[in-house]
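Chemist: Sequence and predicted structure, then a few things I'm wondering about:
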Amino acid sequence: MKKIICIGECSLNIVFGPDGQPLGSMPGGRIPNAAAILARTGLRVLMASELTTDGVGNMVADFLQASGADLSALDRYSEGRTPLNVFTMGADGLPSLTRYEKYADDDEGFDIVWPRVEEGDIVVFGGYYAIAPRTRRRLSRFLENAREMKAVLVYLPGFLPVQEPRITRVMPAILENLELADLVLTRNDDLNLIFGVQGHGCYDKHVGFYCRSLVNVDPVECKIVYYSGREYSEVSIPGLQCRTLLWNAGALAGVTDALVACDASTETLEEPGEDFRREVLERAVKSADEAYGSATAPWQLCE
């Protein structure tokens, strides 16, 4: 069976209510949450990342392990702190984000044991991990090897603006990642942050030259769109739900699941037909809606 290798930052989200009291915590990031969703379906999923050996790191590791994800490529380090994303809900119901992180020394960090890649495996990577100098050198070598082995590479270019406010500094790395990728999954906010434009215009001007397949979540128009050359397919989505972490993690899981179910190859993603594009979108929406519906409390629906 194909392996799904998920590479991205593991963090913990903590949400406080308007009264300053904690409402709860949950693992952050689309990639680790998608890894958990996929592993629960019985697919073979490996999470390649890093976590501290303290209680916060244990919480995230336990979440992934309970889902059935393989953690053999998860580095547990002691010099540093697992990132915390603290959401404070205002009286208007809108959250503000404060981030805390302390990684190990640059020369010693991100020292994970990379899994073996075989033809047809799916590698999901993205976020700030894919562009940060601390992680990029080791990650780039792995991605180049995965490409040579004819694995399917799925790239999520989105990251928190507080991690890198000067987009020009990381643009070369983003473009290199786009060129490596077989499919790119974005949200409007990602495209606006990186390129200052969204939708079909962004695909035509900035993405299509590097990667043929772009799937974009558009909360404004309430649709998810698969762009490929001059062709595209779209499916309607719920406007408010699709802004949340759980919905977007579910969408990533659904896209990845579609690649497995359709036995997609790098060649498939170069010339994706209408039936394939719609299968990807429909599985994405189904998985996203299920992930959103799994929330047991409103605070879990943070963006």
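Modeler: Structure's in. What do you need? Numbering: from 1, shown residues only.
Chemist: S287 reaches D257, doesn't it?
Modeler: Yes. The pair S287 and D257 passes the contact test of Cβ atoms under 8 Å, sitting 6.4 Å apart. Any C-beta I mention is one placed from the backbone N, CA and C, and that applies to glycine too.
Chemist: neighbour count winner among the two?
Modeler: Each of S287 and D257 has its neighbours counted (other Cβ atoms under 10 Å); S287 has more, 25 against 22.
Chemist: The more buried one and A253, how far apart?
Modeler: Plainly put, S287 is 5 Å away from A253 if you go by Cβ to Cβ, to the nearest Å.
Chemist: hey, what's in contact with both of the two?
Modeler: Common neighbours of S287 and A253, using Cβ atoms under 8 Å, 6 or more residues apart in numbering, are I37.
Chemist: mind listing the helices for the stretch 151-300 of the chain?
Modeler: Listed in chain order, the helices found in the stretch 151-300 of the chain under DSSP state H, counting those that start in this stretch are 167-180, 188-195, 199-202, 245-261, 266-270, 274-293.
Chemist: if we compare those, which one ends up closest to M26?
Modeler: M26 sits nearest to helix 245-261 of all the helices of the stretch 151-300 of the chain, at 8.3 Å, using Cβ to Cβ.
Chemist: Near L94, how many other residues are there?
Modeler: L94, neighbours per other Cβ under 10 Å, totals 9.
Chemist: Give me the local confidence score for it.
Modeler: Confidence at L94, expressed as pLDDT, is 73.
Chemist: ditto for the one 3 residues further on
Modeler: According to the predicted model, the pLDDT of L97 comes to 88.
Chemist: List of residues touching stretch 257-274?
Modeler: Stretch 257-274 is contacted from outside by 2, 4, 38, 41, 43, 120, 122, 150, 152, 154, 182-183, 212-213, 226, 228, 231, 233, 276, 279-280, 283-284, 287, using Cβ under 8 Å, 6+ apart.
Chemist: Quick one: residues contacting the nearest residue to T244 once chain neighbours are set aside.
Modeler: Nearest residue to T244 in three dimensions, chain neighbours excluded: L301, at 4.7 Å (Cβ to Cβ, 6 or more residues apart in numbering). For L301, the contact set (Cβ under 8 Å, 6+ apart) comprises 244-246, 292, 295.
Chemist: tally of neighbours for R99?
Modeler: When neighbours are defined as other Cβ under 10 Å, R99 has 13 of them.
Chemist: Is it bridged to anything, and to what?
Modeler: Bridge pairing for R99 (DSSP bridges) gives the partners N85.
Chemist: Quick one: neighbours of the spatially closest residue to Y203 that is not a sequence neighbour, just the number.
Modeler: Leaving aside its sequence neighbours, Y203 sits nearest to Y227 (Cβ to Cβ, 6+ apart; 4.3 Å). Per other Cβ under 10 Å, the neighbour tally for Y227 reads 25.
Chemist: Surely Y227 and G208 touch.
Modeler: Yes. Using Cβ under 8 Å, Y227 is in contact with G208, at 7.1 Å.
Chemist: got any residues that touch both of these two?
Modeler: Common contacts of Y227 and G208 (Cβ under 8 Å, 6+ apart): L214.
Chemist: related to what we said a few turns ago, compare the helices of the stretch 151-300 of the chain and give me the one nearest G90.
Modeler: For G90, the closest of the helices of the stretch 151-300 of the chain is helix 245-261, at 18.2 Å, according to Cβ to Cβ.
Chemist: Counting neighbours, what do you get for A91?
Modeler: For A91, the count of nearby residues is 7 (other Cβ under 10 Å).
Chemist: and it, what does it touch?
Modeler: Contact analysis of A91 by Cβ under 8 Å, 6+ apart lists P18.
Chemist: Just the element for it, please.
Modeler: Under the criterion of DSSP states H and E, A91 resides outside all helices and strands.
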